[in-house]
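Peer 1: Make a model of this:
(one chain, ligands or ions: 2)
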Amino acid sequence: MAFRTQHWRNTVTATSRTPFTATVLGLARVGPRRELKRATESYWAGRISATELHAVARELRRTQLTDLVAAGLDSVPVGTFSYYDQMLDTAVLFGALPTRVADIADPLDRYFAAARGTDTVEPLEMTKWFDTNYHYLVPEIGSGTAFELHPEKLLDELREAIELGVPARPVVIGPVTFLKLAKLGPEELRQRVEELLPLYRRLLGLLAEAGARWVQIDEPVLVTDLTSDELTLVHRVYTELAATESRPAVLVATYFGRPGPALAAVAGTGIEAVAVDFTAGTEPGEVASVPALAGKLLVAGVVDGRNVWRTDLEAALSRLGTLLGSAGSVAVSSSCSLLHVPYTLAAEDGLDDALRSWLAFGAEKVAEVRTLATGLHQGAETISAELTAAREALAGRESDPRLNNSGLRARLAALGPHAARRAPAEQRRRLQRERLHLPLLPATTIGSFPQTPAIRLARAALRKGEIDRAEYETRMRAEIADVIALQERLGLDVLVHGEPERNDMVQYFAEQLDGFAATEQGWVQSYGTRCVRPPILFGDVVRSAPMTVDWICYAQSLTDKPVKGMLTGPVTILAWSFVRDDQPLADSARQVALAIRDETVDLQQAGIRIVQVDEPALRELLPLRAGDQREYLDWSVQAFRLATSGVSDATQIHTHLCYSEFGEVIDAIAGLDADVTSIEAARSKMEVLGDLNAAGFDLGVGPGVYDIHSPRVPGVEEIADSLRAALKAVPADRLWVNPDCGLKTRGPAEVEASLRNMVAAADVVR
Ligand code: GLN
Ligand code: ZN
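Peer 2: Residues are numbered from 1 along each chain as shown. Ligands and ions are numbered 1, 2, ... in the order given. Predicted structure coming up:
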């Protein structure tokens, strides 16, 4: 296959704007062994100085950049390094930190104060970055915000890269994304854009002066539904920026979805390049229909930056070939920043050879980008060995029996619609009331109790082989016994076992289900220094044995009060894993749901009367475009119902939701049809209850009566006030009393004091 040679049509400053051919849109930063996490936490603890922290960071950047150049990228993103978060960095860049941190003199400490708060200062709000599991800090742009440019970080990193001989492309978040993610309304957005534009123009000038040939301006918000006013604004912004006199060539990067009409809006300006995510449903036709791209560089994200699968190189190459006709030139890229995948497969020795051959982490994705760029520009024959290797790996994956369990598939196919349906709620309520004898306003918790040092030590000792499984279980049982005794003492009505045996609410299940694999070093930044190691869902999901029954039954054996079985729901298990890309997510959800269903049935069989199936990530997977949301909500609700409808009507199903604004999924919450829903509400002051009522929700509900994200112990009166507020929206016979979320990150003393006050408040209000 030979592709026609390309001509770069931009004649303005032809030498400086030479298009590049191979790149990625951004880089991970915690370090292959989480070096930055460790150093940052040491700095926070006062064990190392700022100078030492900077040195660790610089060394990480240096190796990363030189590795990328050695791997053959001819344009390398610079400035996506961050000590905490790129949105916070952008707030610093434009002088938009809140005034409450202004008098912290040291810039690094001020930065971390805005990120995590101090004893006296509240941090910025944190929320999900689009539909990923990364969290960004929400800039506070209010009457006190007067933008001013502080380009030092970006300029320093640019100079550092240039000194290393790196073809550096500084990256900055674009004005529309920055302001929209700061949650500005339309009027403010328009006004604040005007204030930012001159600063962006100055920044472009400074970057050019410092030697940048290209700059990347990230506008992922272009893949969401924008109003026509917003599209006009986008067009204006980039027309203006393109008119900056001496500037680098501008790449506007979109990712995480189809740019839709925004593509024409940016392409129709004087910028030089656009990045499009071709792993998220964008078809080459959408690009072909934008004539303005003809003179520009199209940075084609054909290597998935968010998932861990090896790229189908043949398919990608042929797609790239199609794109050649639509743009002046085509570069190969990852679909988004590599922030969302682990560093390298080289660090993994635990994966079986077959599975390993199907995967590509960060370093392997960079190699794929390079290979594809070579194939595109020098002919497919120059990469025939790589094409063959990829083809064989893919064929092996397709034919692997673990991806196609006929028994499981037959079971799922045989389930009729009744499998996801329970008796009417009223009928269930009656049966459950007779069986459970709970007081009015039953008090409970969300599941986890503090993960004490003893628990962590035991888990580490088991991993290192210092203790055996039996000893580990003995220690966990002791923890469970303590937690049960504590809850009895405090007078809670529905007890939990405390989840001491769970490292993580998804990993715990993934480790026990066939079809999931765990990595050793597959860390991905979740926020700040917090990293997660998502399991890899690669095959059909089969539960070969009960996963939780022994622990829960042990807890139940210690008390007469009901102990809740505690499971993670199918949507959350998928949201926090790397998922299969060879079948619809809805199909994977049904498989996981069946495994959870089997577990609920076993719990019931063992005498457990209440089972909670947590779905904190229900909101997180909601598609970015409204047009795609219905379908998602349908299958996700069906998966939950499949997971929870196998039990009898007398078994009470609970669910728990948190971490999000529930507005867009409120109907779905009602659709879950759980007998009791505990939901994060303390920070939103119970507003969620009114929304639930409006959606016709009439089941049990436990709006969180205090915020567990802070160590503060809430007072009895304060909790009683929350309960009274809740009672304005919910009748007493439907209201439950519980904290906002699990207690695993809190200290034992706070938890005991807080729960004591919570139970007292329930008594007062009763
Ligand atoms: N049951 C889990 C816990 O209490 C729920 C955690 C969550 O909502 N993220 O820890
Ligand atoms: Zn929660």
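
Peer 1: Pick out the residue of the stretch 301-450 of the chain closest to ligand 1.
Peer 2: Gly447 (2.7 Å; CB to the nearest ligand atom). C-beta: built from backbone N, CA, C; applies to glycine.

Peer 1: do you know how far that residue is from Gly528?
Peer 2: Going from Gly447 to Gly528 by CB to CB, to the nearest Å gives 24 Å.

Peer 1: The two: which is more packed in?
Peer 2: Neighbour count, other CB atoms under 10 Å: between Gly447 and Gly528, Gly447 has more, with 25 against 22.

Peer 1: For the residue in the chain positioned nearest to ligand 1, the count of nearby residues, please.
Peer 2: Proximity of the chain to ligand 1 (CB to the nearest ligand atom) peaks at Gly742, 2.1 Å away. Neighbour count of Gly742, defined by other CB under 10 Å: 25.

Peer 1: Phi and psi next, for it.
Peer 2: phi -60, psi 160 (degrees, to the nearest 10).

Peer 1: Alongside ligand 1, which residues does the stretch 451-600 of the chain contribute?
Peer 2: Contacts of the stretch 451-600 of the chain with ligand 1, taken as CB under 6 Å from any ligand atom, map to Glu499, Met505, Met566.

Peer 1: before we move on, the earlier item: measure how buried the residue lying closest to the residue of the chain closest to ligand 1 once chain neighbours are set aside is and give me the count.
Peer 2: Computed as CB to CB, 6 or more residues apart in numbering, the closest residue to Gly742 that is not its neighbour in sequence is Ser448, at 3.7 Å. A count of neighbours around Ser448, defined by other CB under 10 Å, yields 22.

Peer 1: Which pLDDT value belongs to Ser448?
Peer 2: Here, the pLDDT recorded for Ser448 equals 98.

Peer 1: ok, now which ones touch it?
Peer 2: Val496, Gly498, Glu499, Arg502, Met505, Gly742, Leu743, Lys744 (CB atoms under 8 Å, 6 or more residues apart in numbering).

Peer 1: And for Ala363?
Peer 2: The neighbourhood of Ala363, defined by CB under 8 Å, 6+ apart, consists of Asp67, Ala71, Tyr343, Thr344, Leu345, Ala346.

Peer 1: Have a look at this structure and report its longest helix.
Peer 2: helix 186-209 (DSSP state H).

Peer 1: what residues does that helix touch?
Peer 2: Against helix 186-209 from outside (CB under 8 Å, 6+ apart): 93-94, 141, 147-149, 151, 154-155, 158, 170, 172, 175-176, 178-180, 184, 215, 217, 227, 229-230, 233, 237, 240-241, 244-248, 250.

Peer 1: let's see 6 Å
Peer 2: Helix 186-209 has contacts (CB atoms under 6 Å, 6 or more residues apart in numbering) with 94, 147, 149, 151, 170, 175, 179, 215, 240-241, 244, 246-248.

Peer 1: And the strands in the stretch 1-150 of the chain?
Peer 2: Using DSSP state E, counting those that start in this stretch, the strands of the stretch 1-150 of the chain run over residues 22-23, 76-78, 126-128, 135-137.

Peer 1: which of the ones you listed has the lowest average pLDDT?
Peer 2: Mean pLDDT is lowest for strand 126-128 among the strands of the stretch 1-150 of the chain, at a mean of 90.

Peer 1: What strands flank that one, and is each parallel or antiparallel?
Peer 2: strand 135-137 (antiparallel) (DSSP bridges).

Peer 1: CA atoms only: put whatever helix or strand Gly627 lives in into CSV for me.
Peer 2: In the assignment (DSSP states H and E), Gly627 maps to helix 626-644. What follows is helix 626-644, C-alpha atoms only, in CSV (Å, rounded to 0.1, in the frame of the first residue of the first chain):
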residue,chain,number,x,y,z
ALA,A,626,-27.1,14.2,25.4
GLY,A,627,-28.0,12.2,22.3
ASP,A,628,-26.0,9.2,23.6
GLN,A,629,-27.3,9.3,27.2
ARG,A,630,-30.7,7.5,26.9
GLU,A,631,-29.1,4.3,25.6
TYR,A,632,-26.5,4.3,28.3
LEU,A,633,-29.0,4.9,31.1
ASP,A,634,-31.2,2.1,29.7
TRP,A,635,-28.5,-0.5,29.8
SER,A,636,-26.9,0.6,33.0
VAL,A,637,-30.2,0.5,34.9
GLN,A,638,-31.0,-2.9,33.4
ALA,A,639,-27.7,-4.2,34.5
PHE,A,640,-28.3,-3.1,38.0
ARG,A,641,-31.7,-4.6,38.0
LEU,A,642,-30.5,-7.8,36.7
ALA,A,643,-27.9,-7.9,39.5
THR,A,644,-30.5,-7.2,42.2
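
Peer 1: helices or strands up against that helix?
Peer 2: helix 570-575, helix 585-605, helix 666-672 (3 or more CB pairs under 6 Å, 6 or more residues apart in numbering; DSSP states H and E).

Peer 1: what lines up beside the helix or strand following that helix in the sheet?
Peer 2: Later in the chain than helix 626-644, the nearest helix or strand by DSSP H and E is strand 652-657. Sheet pairing here is set by DSSP bridges, and for strand 652-657 it gives strand 610-614 (parallel), strand 676-679 (parallel).

Peer 1: Where does Val299 fall, secondary structure wise?
Peer 2: Secondary structure assignment for Val299, by DSSP H and E: strand 297-303.

Peer 1: hang on, the earlier thing: let me have the helices and strands packed on helix 626-644 in TSV, extended by mean neighbour count and mean pLDDT.
Peer 2: Below are the helices and strands packed on helix 626-644 laid out as TSV (neighbours: other CB atoms under 10 Å; pLDDT from 0 to 100):
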stretch	mean neighbour count	mean pLDDT
helix 570-575	27	98
helix 585-605	22	98
helix 666-672	20	96
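
Peer 1: just so I know, which of those helices lies nearest Ala725?
Peer 2: Closest to Ala725 of the helices and strands packed on helix 626-644, according to CB to CB: helix 666-672, at 18.5 Å.

Peer 1: Thanks a lot, see you next time.
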